[in-house]
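A.B. asks: model this:
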Amino acid sequence: MTALITLNNISKTFLTEEIETRALNNINLVINKGEYISLSGQSGCGKSTLLSLLGLLDSPSAGHYHLGEADVSSLTRNQRAKIRSEQIGFVFQSFNLISDLTVFENVMLPLTYQSGLSKAEIVEKVESVLAKVDMAHRKSHYPSQLSGGQQQRVAVARALVNDPAIILADEPTGNLDSKNAEAVLQLFDQLHQEGATICMVTHDAASAKRASRCLEMFDGQLIKDNINHDRQTILKPVVLAAG
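C.D. replies: Coordinates of the predicted model:
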């Protein structure tokens, strides 16, 4: 396997009102290309902080983070933003779609940070990922006109449009009913089967079992790292609920 992300002795400390809180404590982790990882643990264990660091939304207080061969531990905010826009796709629990942009415009947004793409190339990329998540027929709609499941599929399309090295998903089914949650998980199964690297934070044990590798955190540390031999993968055509 080829290492995509390598964390060496990563720690993160927050200082608020002169109180020091260590959210992450000496995390060592290698994420290989093509892996589908679930990250679980109790609320406050540090999993969202770890995902934030993986996504270059924040920097560690100590340790080294290599993305490919580049050490990205102590980059400036602008440097992190550039790498983030080119190599990392995000899927959030609350969808984070912009309400006054259409589906097409929301998905296109990450491409506006890239130079050298023609209008035709942008249109082709957006329409391709919308087709992949079965939302091409809704490209002129606004988020308020979509169900929760449809909004999350648009969010997945937005995460895919830059051909990212890794997709980071933070509780991607947390705001969905069971049918739409299953549909989104099936979509992740399909993306992984096609070669995508995925790291998904989830509190749901059944969702975690969809991953090929299961990590568990407790008090800012990784306490379990298991290959999932009982993976509950359902690779079949995605059938999406209306609500």
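
A.B. asks: which helix or which strand is home to Ser11?
C.D. replies: Using DSSP states H and E, Ser11 falls within strand 3-16.

A.B. asks: need the per-residue pLDDT for the nearest residue to Pro110 once chain neighbours are set aside.
C.D. replies: Distance criterion Cβ to Cβ, 6 or more residues apart in numbering; nearest residue to Pro110, sequence neighbours excluded, is Asn162 at 5.1 Å. For the C-beta atoms, the positions are set from N, CA and C on the backbone; glycine is no exception. For Asn162, the model assigns a pLDDT of 92.

A.B. asks: who touches Asn162 in this structure?
C.D. replies: Shown in contact with Asn162 (Cβ atoms under 8 Å, 6 or more residues apart in numbering): 85-87, 89, 110-111, 114.

A.B. asks: of the residues you listed, which is the nearest to His203?
C.D. replies: Relative to His203, the closest of these is Gly89; by Cβ to Cβ it sits at 21.4 Å.

A.B. asks: which helices and strands does the host helix or strand of the closest one pack with?
C.D. replies: Assigned by DSSP H and E, Gly89 belongs to strand 88-92. If contacts are counted by 3 or more Cβ pairs under 8 Å, 6 or more residues apart in numbering; DSSP states H and E, strand 88-92 sits against helix 148-160, strand 166-170.

A.B. asks: tabulate the ones you listed (CSV), appending mean neighbour count.
C.D. replies: CSV is the format used below for the helices and strands packed on strand 88-92 (neighbours: other Cβ atoms under 10 Å):
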stretch, mean neighbour count
helix 148-160, 25
strand 166-170, 23
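
A.B. asks: these: which one's closest to Leu4?
C.D. replies: Going by Cβ to Cβ, the one of the helices and strands packed on strand 88-92 nearest Leu4 is strand 166-170, 6.2 Å.

A.B. asks: can you pull out the helices in the protein?
C.D. replies: Assigned by DSSP state H, the helices in the chain fall at 47-54, 77-87, 103-108, 119-132, 148-160, 178-193, 205-208.

A.B. asks: now render the ones you listed as TSV, adding distance to Leu29.
C.D. replies: Shown next, in TSV, are the helices of the chain (distance: least, Cβ to Cβ, whole Å):
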stretch	distance to Leu29
helix 47-54	8
helix 77-87	17
helix 103-108	30
helix 119-132	28
helix 148-160	21
helix 178-193	18
helix 205-208	16
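
A.B. asks: for Phe218, which of the ones you listed is the nearest?
C.D. replies: Nearest of the helices of the chain to Phe218, taken as Cβ to Cβ: helix 47-54 at 9.9 Å.

A.B. asks: just the angle for that closest one relative to strand 3-16, thanks.
C.D. replies: Counting by axes from the mean of the first three to the mean of the last three Cα atoms, to 10 degrees, helix 47-54 points 120 degrees away from the direction of strand 3-16.

A.B. asks: just the CA atoms of helix 47-54, as PDB, please.
C.D. replies: The C-alpha coordinates for helix 47-54 follow below in PDB (Å, rounded to 0.1, in the frame of the first residue of the first chain):
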ATOM      1  CA  LYS A  47     -12.300  12.700  16.600                       C
ATOM      2  CA  SER A  48     -13.600  16.000  15.100                       C
ATOM      3  CA  THR A  49     -10.400  17.700  16.100                       C
ATOM      4  CA  LEU A  50      -8.400  15.000  14.400                       C
ATOM      5  CA  LEU A  51     -10.600  15.300  11.300                       C
ATOM      6  CA  SER A  52     -10.100  19.100  11.300                       C
ATOM      7  CA  LEU A  53      -6.300  18.600  11.400                       C
ATOM      8  CA  LEU A  54      -6.500  16.000   8.600                       C
END
